[in-house]
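A.B. asks: The following comprises the amino acid sequence and a computationally predicted model.
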Amino acid sequence: MYHILIIDDHPMVSVGIQAIIKTVVENSTITFAYSFQEGLEVLAKTPVDLMVLDLAIPGSRGAEMIGAYREVQPDLKILVFSGRDELTNAPICLHRGANGFLHKNSFDSETANAIRMILENKKYVSPKLKEAMFSTLMEGKSMQPDPMAALTTREREVLGLLLTGKWLKSIADELNVKISTVGTQKNRIFKKMGVDNIVDLAKKFWYLEQSTADHL
């Protein structure tokens, strides 16, 4: 008996996924949650084999939810089922530990295939993403995960203050640390984000924010 958790705040979508799951796994129990917090509450009480997760739920933390849910159940299999741009968001989600990423415009047969593969302990990558990954490989490039994921909590804090236009001394005073410490953190942020100045940092940050915005 598989226990599957669907987290999506659109009931019709959840019902549709439930119907597809029943064609793949007849012997299954399906639970619904409609927000990030409700998902945590279900996992705290019930062992789950597979989670089908929408990134645009109330209380969403984006791809960071994958790690948060895994902290509750480390062996949880997660299929991200989202309307967000696949080529931008799938590498991020897979890098964070998702077992698969499926766009909401996918055919029912592809959804069923993704669910089946993940329950069989395989990774799911759509034909579109496979082609993109192959193309970047042939060009000697790589599918880049979200650089924001590499930032520490303090680096994210410094990043936010830099983007408000604050100088290093003001940031150091606010965080109660040395100016040299803030300077070191700023340099690390620049390196991880792949930029050389504040203007490019702001542009990169804006681009990443737009790239992970909903396309529903």
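C.D. replies: Yes, it's here.

A.B. asks: just the helices in this structure please.
C.D. replies: Listed in chain order, the helices of the chain (DSSP state H) span 11-24, 36-45, 64-72, 86-96, 108-119, 127-138, 153-163, 168-175, 179-193, 198-211.

A.B. asks: what about Ala149, how many residues close to it?
C.D. replies: Each residue near Ala149 was counted by other Cβ atoms under 10 Å, and the total is 13. In this view, the C-beta of every residue, glycine as well, is placed from N, C-alpha and C.

A.B. asks: looking at the helices of the chain, which is buried most?
C.D. replies: Looking across the helices of the chain with neighbours counted as mean count of other Cβ atoms under 10 Å, the highest average goes to helix 86-96: a mean of 22.

A.B. asks: Turn the helices of the chain into TSV, columns for distance to Ile4 and mean pLDDT.
C.D. replies: As requested, the helices of the chain are arranged in TSV below (distance: least, Cβ to Cβ, whole Å; pLDDT from 0 to 100):
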stretch	distance to Ile4	mean pLDDT
helix 11-24	6	94
helix 36-45	11	97
helix 64-72	14	93
helix 86-96	18	80
helix 108-119	8	96
helix 127-138	23	68
helix 153-163	33	88
helix 168-175	44	93
helix 179-193	36	92
helix 198-211	29	70
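
A.B. asks: Among the ones you listed, which comes closest to His3?
C.D. replies: helix 36-45 (9.7 Å; Cβ to Cβ).

A.B. asks: Let me know whether Gln37 touches Arg61 as I believe.
C.D. replies: No. Using Cβ atoms under 8 Å, Gln37 and Arg61 do not qualify as a contacting pair, with a distance of 10.6 Å.

A.B. asks: picking that back up, including distance to Val80, could the helices of the chain go into JSON lines?
C.D. replies: Below are the helices of the chain laid out as JSON lines (distance: least, Cβ to Cβ, whole Å):
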{"stretch": "helix 11-24", "distance to Val80": "12"}
{"stretch": "helix 36-45", "distance to Val80": "13"}
{"stretch": "helix 64-72", "distance to Val80": "8"}
{"stretch": "helix 86-96", "distance to Val80": "5"}
{"stretch": "helix 108-119", "distance to Val80": "10"}
{"stretch": "helix 127-138", "distance to Val80": "12"}
{"stretch": "helix 153-163", "distance to Val80": "22"}
{"stretch": "helix 168-175", "distance to Val80": "34"}
{"stretch": "helix 179-193", "distance to Val80": "24"}
{"stretch": "helix 198-211", "distance to Val80": "15"}
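
A.B. asks: Compare the ones you listed and give me the one nearest Asp54.
C.D. replies: Comparing the helices of the chain by their distance to Asp54 (Cβ to Cβ), the top pick is helix 11-24, with 7.4 Å.

A.B. asks: which other residues reach that closest one?
C.D. replies: Helix 11-24 is contacted by residues 4, 6, 8, 28, 30, 32, 52, 54, 81, 104, 108, 111-112, 115-116, 119 when judged by Cβ atoms under 8 Å, 6 or more residues apart in numbering.
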